[in-house]
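>>> quick check, what structure comes out for this input:
(chains A, B and C)
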Amino acid sequence: MPHTKDETYGDHTSHAFNDELMELKAQFLKMGGLVEQQVENAVQALMDSDGHLADETRTRDREVDQMEMDLDEVATLIIARRQPTARDLRLVVSVIKMVADLERVGDEAKKIAKLALQLSEEGQAPRGYIEVRHISNHVLGMLHEALDSFARLDASQALRVKKEDKNVDAEYQAAARTLLTFMMEDTRNISRCMSLMWVLRALERVGDHACNIAENVIFMVEGEDVRHTSLEDMEKLVTQDNS
Amino acid sequence: MIEQGSQAEIVRQSLKKRYRKERRFRMYGRVAIAVALASLLLLFVDIIGKGYTGFIKTTITLDVTLDGEAMYLDDPTDKDQMSMADFQAPIIASLQGYFPQATERSDVRQLSRLVGSYAGNQIKDLLVDNPGLLGSTQTLEFLVHDTVSVYVKHAGDEAYSVRLSDQQKGWVDELVEKGVIDTGFNDVLFSRGDSREPTNAGILGAIMGSLLTMIVTLVIAFPVGVSAAVYLEEFAPQNRLTDFIEVNINNLAAVPSIIFGLLGLAMFIGLFGMPRSVPVVGGLVLALMTLPTIIISSRAAIKSVPPSIREAAMGMGASKMQVVLHHVVPLAMPGMMTGSIIGMAQALGETAPLLLIGMVAFIVEVPDGFFSSATVLPVQIYLWASSAEQGFIELASAGIMVLLAFMISMNALAIWLRKRLERRW
Amino acid sequence: MNTMNPTVTSETGAGVVEDKVAPVKEERPAEAELEEGVTVGTPYSDDPKFKLRNVEVFYGESRAIKNISLDIARNEVIAFIGPSGCGKSTFLRCLNRMNDSIDICKVKGSLQLDDNDIYDPSRDVVELRARVGMVFQKPNPFPKSIYDNVAYGPRIHGLANRKSDLDDIVENSLRKAGLWNEVKDRLDATATGMSGGQQQRLCIARTIAVSPEVVLMDEPCSALDPIATAKVEELIAELSESYTIVIVTHSMQQAARVSHRTAYFHLGHLVEVNETNKVFTSPEHNMTESYITGRFG
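Numbering: from 1, shown residues only, chains lettered A, B, ... in the order given. Next comes the predicted model:
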């Protein structure tokens, strides 16, 4: 269903309510952008063994945390003041949940940055970077798509994110196996390879969070809770409603 | 766009003007009330000034020797003798005791005119009741003649003494000095009917007449009026006929009261052959006159019952009749009663329609039933006010005061009832 | 949110008006597209107390209710919401024929209470109102004592023969209305001296004193402060165990709090009926959504 922002949330009788919802959305997207950047930077720091960038990424996580608290406050105030219902209620509730996801993504970025710092001090791992690059591109794309689907209220886009998750999982399995084989071949690299394993693990988690966000977007748009629902059912819901 | 400062200035200036206007308006109101109060005060002063003497009676106390010879009477039980006897004689004899030199025929006549013409009857009644008193000496109190009464009450005012001769004035002054002629509260006013003689005329007949008439009016107008109002408000279908009836009731309220008199004359006396000048007919006529007032005020009272109460009762499953009887009528009752009492007070003061049905007759007897001839207070006042004697003028004013007292107490009753019965919702 | 399609419980009982069953909608109906006699959601019930079909109400020439069909289930609390003038109060008043007293008001269609026609000419409206009680917007106790207020209904219907029976009814009703402890020492005090919330609960006690099967409430809390409102809502929740309750309310939060199902009225149409939880999280009809989210009305 084609929705523009203003059509969906911007036509309340109360202008103040409109503004509050707009503010909530804008802040959320801003936080999403920041978190995306964090993941990207952390991965970049890892690739380039850039200790400086890694350090910067770690400190910027505080900003993410602050934004989480701000957003929670905005959402709480909207509930207290406006008692939102229906799609407004779904928006607020979803944002509260998605903010938690974003914050966790931020934490994962911080974790990656920490590992990057560690690796830049210990020296690079002999292999595995290609896999990291690959998966990170993949999950960053998912995160971006999820945020985009939120911005456009596009359930089918959100569904695509959800579908991607399987691929990421598969890639993670493959990359983990590769690293494992390598560790078995050369036991001296175990510690550094383990660090990369952690990075891969963190990236895989980012993908999961992106999926959660996508699920919430579907809930926001369709009004159906699609957590713990099979992909087929989800697809049915989204496509039937969009036809 | 006006600047803030200048706007405030404009407001301030217009404010001054507004307050001036307000003050002026308030002043008009005060002036109007002052004028009304002054007129009222003038009315009261006038009426009370003229009428307070009506509440005073002048009496003469004499030792009367009931001398059979002088009265040409030897057996008080003999009716023939009694009708022939001269009961004035002992009084004149007693007065001659004070003024021994008054023996001339003209003096005697003047002496006899000092006491009221009913004094002889007083002695007669005494002897009829107690035949044994013949020959004894009794101390009796008589009403003085009207002219004497007026002279005594307005002592020193030349205008009120023209009907007495100088000799009579001398006697009266002497008797007043000796305390033989005295003044006191006029109980006659409240214990007798009308009379040709002002000193002997009372208002009781008229009060009773008014009371009886009002009872008839109330008994007929209140139930009929309230029922009509309840029916019209609650049960009548909304159609042309109901509208027509409503318009006519409102018009009837504005019809001059004398028209109702004509109606009563034609209908009750002409058509139904009821007797003239009786309280029943008067009451019926006044009931007709009061009905529109009662109906209109009762309808207003019923309308003021909040619909929420009706809805509540209906929602409880009360039938239409139950809603009306249990809730609407009790709640409207204070209003209906107030309207009725005000209507009754109006009827109490009404003269015109009663003139037409003959309640204007001279009636001495105090009425004792709904079918005995009677007159009513306002008519009595009208009769007295149009008489020539000063005594009657005083009585008319006294009558007005009594009537006003009645009306004020009726209005007070209306207010009291409303305050007592009114319920808040 | 357990179903995703706007589904309609299909009628199973006799006397079904087939064409009135709203077709399964594939899409959300667009705004300003009100089809007469079509209600999305679940307007029908398997165990209806009220079975209302093709109800139309006319005020003179104008049609205040346009072809509404609805079931009100036994012992449910159903809330009627909608903008002012949407006909929800009018519709409510049809249920115990309170509209009868308005001459120009005509009701058409089939309205059945336990399979008996409410508007049957031979039906006694007094009996109907004893079964279907009503609580009004403004607390309207009779200007009598608290006791007499509650005892009024049982008295006119002859429910109690002895004084002690009547006392029992009064006490029970006041207890059910949660008012007994507040007023037991002053039953002879005049009811108009109570606070607004107490008055409204007294009105509820008065209504349930005749043991009705259904209680209609026409904006029962609109004149009350929030605490009194909370008490009345609490009472509604308790009463819903033994009574069918239909409540008209302007407060959507109230509808959300107290009712099991919510019906949204608009311009005389019954737009949507659904589980309250569904209506307030993801209504099916756009107009319902616009209304409850504060976009018009």
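>>> now the helices: where do they sit in chain C?
Secondary structure of chain C, counting by DSSP state H: helices at C:88-94, C:125-131, C:146-157, C:163-176, C:180-183, C:196-208, C:226-239, C:252-258, C:276-281, C:286-292.
>>> how deep is residue 133 tucked in, by neighbour count?
Assuming you mean chain A. By other Cβ atoms under 10 Å in any protein chain shown, 14 other residues sit near residue A:133. (C-beta placed from N, C-alpha, C; glycine too.)
>>> wait, chain C was what I had in mind.
Count around residue C:133 with other Cβ under 10 Å applied: 26.
>>> for it, report the pLDDT, please.
Residue C:133 is assigned a pLDDT of 90 by the prediction.
>>> over to the one 3 residues further on?
At residue C:136, the predicted lDDT confidence score is 90.
>>> so what's the closest residue to it other than its chain neighbours up against?
With sequence-adjacent residues excluded and distances taken as Cβ to Cβ, 6 or more residues apart in numbering or on different chains, residue C:136 is closest to residue C:218, at 5.4 Å. Counting by Cβ atoms under 8 Å, 6 or more residues apart in numbering or on different chains, residue C:218 makes contact with C:89, C:92-93, C:134-137, C:248.
>>> give me the buried subset of the residues you listed.
C:89, C:92-93, C:134-137, C:248 (16 or more other Cβ atoms under 10 Å in any protein chain shown).
>>> for these, which one is nearest residue A:228?
If you rank these by distance to residue A:228 using Cβ to Cβ, residue C:248 comes first, at 38.3 Å.
>>> correct me, but that closest one touches residue C:219?
Yes. Counting by Cβ atoms under 8 Å, residue C:248 does reach residue C:219; the two are 5.5 Å apart.
>>> can you work out which residues contact both of these two?
Here residue C:248 and residue C:219 share the contacting residues residue C:89, scored by Cβ under 8 Å, 6+ apart.
>>> low-scoring pLDDT stretches of the stretch 151-300 of chain B, where are they?
Scanning the stretch 151-300 of chain B for pLDDT under 70 picks out the ranges B:156.
>>> in contact with the residue in it that chain C sits nearest to: list those residues for me.
Nearest to chain C in the stretch 151-300 of chain B, going by Cβ to the nearest Cβ, is residue B:238, at a distance of 6.4 Å. Counting by Cβ under 8 Å, 6+ apart, residue B:238 touches residue C:103.
>>> host element of it?
For residue B:238, there is no host helix or strand (DSSP states H and E).
>>> distance check, it against residue C:175.
As for residue B:238, its distance to residue C:175 is 44 Å (criterion: Cβ to Cβ, to the nearest Å).
>>> same question, residue B:334
35 Å.
>>> skip the chain neighbours and tell me the closest residue to residue B:252.
Nearest non-adjacent residue to residue B:252 (Cβ to Cβ, 6+ apart): residue B:292, at 4.2 Å.
>>> and what of residue B:298?
residue B:229 (3.4 Å).
>>> tell me the contacts of the one you found?
Residues near residue B:229 by Cβ under 8 Å, 6+ apart: B:294-295, B:298-299, B:301-302, B:336.
>>> please repeat the previous calculation with a cut-off of 10 Å.
By Cβ atoms under 10 Å, 6 or more residues apart in numbering or on different chains, the contact set of residue B:229 is B:249, B:294-303, B:329, B:332, B:336, B:339.
>>> need the max-distance pair from those residues.
Of all pairs drawn from the contacts of residue B:229, the greatest distance, 19.0 Å, lies between B:249 and B:329 (Cβ to Cβ).
>>> residue nearest the centroid of chain C?
Computing the C-alpha centroid of chain C and ranking residues by Cα atoms, centre = their mean puts residue C:246 first, at 2.1 Å.
>>> excluding chain neighbours, what is closest to it?
Sequence neighbours aside, residue C:216 is the residue nearest to residue C:246 in space, at 5.0 Å (criterion: Cβ to Cβ, 6+ apart).
>>> so the one you found touches residue C:79, yeah?
No. Counting by Cβ atoms under 10 Å, residue C:216 stays clear of residue C:79, with 11.9 Å between them.
>>> need the overlap of contacts for these two.
Common neighbours of residue C:216 and residue C:79 (Cβ under 10 Å, 6+ apart) are C:245-248.
>>> mind putting those into CSV with pLDDT?
Formatted as CSV, the shared contacts of residue C:216 and residue C:79 follow (pLDDT from 0 to 100):
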residue, pLDDT
C:245, 94
C:246, 94
C:247, 94
C:248, 94
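>>> that's a helix at residue B:162, yeah?
No. Going by DSSP: H, G, I helix; E, B strand; the rest coil, the assignment for residue B:162 is coil, not a helix.
>>> wait, what's in contact with it?
Residue B:162 touches B:147, B:150-151, B:390, counting by Cβ under 10 Å, 6+ apart.
>>> one more: residue C:141?
The neighbours of residue C:141, taking Cβ under 10 Å, 6+ apart as the test, are B:308-309, B:312, B:425, C:148-150, C:152, C:190-194, C:198-200, C:202-203, C:205-206.
>>> chain neighbours aside, what residue packs nearest to residue B:265?
residue B:356 (4.9 Å).
>>> neighbours of the one you found, how many?
21.
>>> wait, doesn't it sit right on residue B:256?
No. Applying Cβ under 10 Å as the test, residue B:356 and residue B:256 come out as separate, 11.9 Å apart.
>>> and the two most separated of the contacts of residue B:162?
Distances among the contacts of residue B:162 were taken as Cβ to Cβ; the most separated pair is B:151 and B:390, at 9.8 Å.
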